[in-house]
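Participant: Take a look and give me a structure for this.
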Amino acid sequence: MQAQQSKPYHERNIVLIGFMGAGKTTIGKALAAKLSREFIDVDELIAAEQGMPVTEIFRTLGEGAFRRMEKEYISELCLQQRGAVLSLGGGAFLQEEIRDLCMANAAVFLMDIPWEQWKTRLPLIRDSRPILQNKTDEEIKALYDSRQAIYERHHCKVDAGSQTPEAAAQAIVDWLEEQK
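Facilitator: Next up, the predicted model:
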């Protein structure tokens, strides 16, 4: 299937990227409602189709198996799905093929949240994120820092830390309107 690079951004799938717990799912649901689009959380889709939570997939099959599944699902969604809002897991953009595919076929928005704001969310998400299991706060900060360079490939950065999910979703709608 051909890349959608020539398609205007407002006609492409919308892909939300960013560190785990940055608000991709919450903002994505608000955005999908505003645009009357389908919302797909890729991690939830994988978990549902595998019949086990992502933490269990990591534990039983390993991170490598999960990353392969993630690439397969995102590739299929980017090339075959139309008009959806996709929330990618925090580690999805670590794979260059996924970054390239999303940048060429979707409108990619980084849900940006500063470390100081993000770390207040850590107690709420630590147990549900396999990559955070058994990590110290210092190790998590190093992971956060290492991923920031990966997230620099996007079409637009959205402040997900100091505004409401509704306002962040509206910022995306406004950006898309400006691109027409």
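Participant: surely residue 19 meets residue 113?
Facilitator: Yes - using CB atoms under 8 Å, residue 19 is in contact with residue 113, at 6.9 Å. Any C-beta I mention is one placed from the backbone N, CA and C, and that applies to glycine too.
Participant: By residue count, what's the longest helix in the chain?
Facilitator: Longest among the helix segments of the chain by residue count, using DSSP state H, is helix 63-80.
Participant: Show me what it is packed up against.
Facilitator: strand 13-17, helix 42-50, helix 54-61, strand 84-87, helix 96-105 (3 or more CB pairs under 8 Å, 6 or more residues apart in numbering; DSSP states H and E).
Participant: Adjacent strands (with direction) for the shortest one?
Facilitator: What that stands for is strand 84-87. The pairing partners recorded for strand 84-87 under DSSP bridges are strand 13-17 (parallel), strand 38-41 (parallel).
Participant: And the contacts of the worst-scoring helix or strand of the chain on mean pLDDT?
Facilitator: Lowest by mean pLDDT, DSSP states H and E among the helices and strands of the chain is helix 122-125, with a mean of 82. Residues from elsewhere that reach helix 122-125 (CB atoms under 8 Å, 6 or more residues apart in numbering): 20-21, 132, 137, 140.
Participant: Kind regards, and thank you for your time.
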